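>>> Give me a 3D structure for the following:
(one chain, ligands or ions: 1)
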Amino acid sequence: MDPSVQKVIDHYQAISKEMMDRVATTQIKVVPPRLLATYESGSVPGLMYTVKRTGDNLTCNCPGFVYRRKCKHTGMAESLIKKTIADKLEF
Ligand SMILES: [Zn+2]
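Numbers count the residues shown, from 1 in each chain. Presented below is the predicted three-dimensional model:
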């Protein structure tokens, strides 16, 4: 076979592989946790707790949330969401 023809075939094979990879990555839908709010710790100044949202779930990295799956930070973030939605609904 003419080496230049093989070169063209290789080129198109590389492109189609790249396309396949691209399709594969777009088909996997990963929802990354979104940062909602950051609160400073009341007992340890400078220590920040972050509230993140994955779908409808709120998570916090403070010890209270780790033990009880609920804390004032997620509560504050939740009321913040409700207020934001309420603001958006106002005409
Ligand atoms: Zn918390």
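>>> Next one: the spatially most central residue of the chain from Ala14, what distance?
The residue lying closest to the centre of the chain (CA atoms, centre = their mean) is Pro32, at 2.0 Å. Distance of Pro32 to Ala14, computed by CB to CB, to the nearest Å: 30 Å. From N, CA and C alone the C-beta is placed, and that goes for glycine too.
>>> and if you look at Leu35?
Applying CB to CB to Leu35 and Ala14 gives a distance of 38 Å.
>>> one step back: which ones are touching the residue nearest to the centre of the chain?
For Pro32, the contact set (CB atoms under 8 Å, 6 or more residues apart in numbering) comprises Thr54.
>>> Phe65 too?
Neighbours of Phe65 in contact, by CB under 8 Å, 6+ apart: 59, 71, 73-74.
>>> centre of the chain versus stretch 4-19, how much separation?
Its chain's C-alpha centre and that of stretch 4-19 lie 35 Å apart, by CA atoms, centre = their mean, to the nearest Å.
>>> What residues does the protein have near the ion?
By the criterion of CB under 5 Å from the ion, the positions of the chain lying close to the ion are 49, 60, 62, 65, 71, 73.
>>> redo that, cut-off 8 Å
Residues of the chain lying near the ion by CB under 8 Å from the ion: 39, 49, 51, 60-62, 64-65, 71-74.
>>> How about Leu80: what's its closest non-neighbour residue?
Of all residues not flanking Leu80 in the chain, Ala37 sits nearest, at 6.3 Å (CB to CB, 6 or more residues apart in numbering).
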